[in-house]
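S.K.: only geometry, no sequence info:
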Ligand SMILES: [Zn+2]
């Protein structure tokens, strides 16, 4: 069975620093007819499961912990019995949405299960996703490079038109630019970029824009 990428868009809100915005998030699912991994868990478990179908979910991989990417991760874990994976540097961001281990109300395991780390490989459906730690939009932001599929999932680190937003808490513009140049512009230029919001792009197109 050959691995493929499936996609849907889910609508909801993003809140940070006391402001709330309407947002459309991409849901990316990598797998074959038997098993898959889900990249980000935005607004609706049903929207995600409509893409998953009856396949086994091996993991819920979070590109970062903004609430519009992780809000339903615990509910999706309950539905699929799949582990949630997140880079531990995003712990303070995760805790804004799901509370912390020290939170007395948080007694039902609302933490993630597996720490992501730069260089880690995630296997699904006979193909490999390589974890690239790309801090800047969030301290624990990661991208997932799928060399055999010729694509990279960038979350909110790189969009069609440039780097992700860095105007709010936990973000830093020089850091995101350094991450993009070191980790993403090192990928083959024809690599397709599947973003957290909006259209696809390519590494070459974004390299030409950012210079
Ligand atoms: Zn974000």
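M.R.: It's in. Please read all numbers here as calculations on a predicted model, not as lab measurements.

S.K.: When you work out contacts or count neighbours from here on, use the C-alpha atoms and nothing else.
M.R.: OK.

S.K.: helices or strands up against the lowest-mean-pLDDT helix or strand in the chain?
M.R.: Ranked by mean pLDDT, DSSP states H and E, the helix or strand of the chain with the weakest confidence is helix 91-98, at a mean of 92. Using 3 or more C-alpha pairs under 8 Å, 6 or more residues apart in numbering; DSSP states H and E, the elements in contact with helix 91-98 are helix 67-70.

S.K.: ends of stretch 142-159, how far apart?
M.R.: The first and final residues of stretch 142-159 sit 14 Å from each other (C-alpha to C-alpha, to the nearest Å).

S.K.: who touches that stretch?
M.R.: Contact partners of stretch 142-159, identified using C-alpha atoms under 8 Å, 6 or more residues apart in numbering, comprise 3-4, 63-64, 87, 127-137, 141, 163-165, 176, 180, 190-201.

S.K.: can you give me the helices for the chain?
M.R.: For the chain, the helices defined by DSSP state H occupy 45-52, 67-70, 73-80, 91-98, 173-179, 203-210.

S.K.: Burial-wise, tell me which of those comes out on top.
M.R.: Most buried of the helices of the chain, by mean neighbour count (mean count of other C-alpha atoms under 10 Å): helix 67-70, with a mean of 25.

S.K.: Now stretch 132-148: average pLDDT?
M.R.: Throughout stretch 132-148, pLDDT has a mean value of 98.
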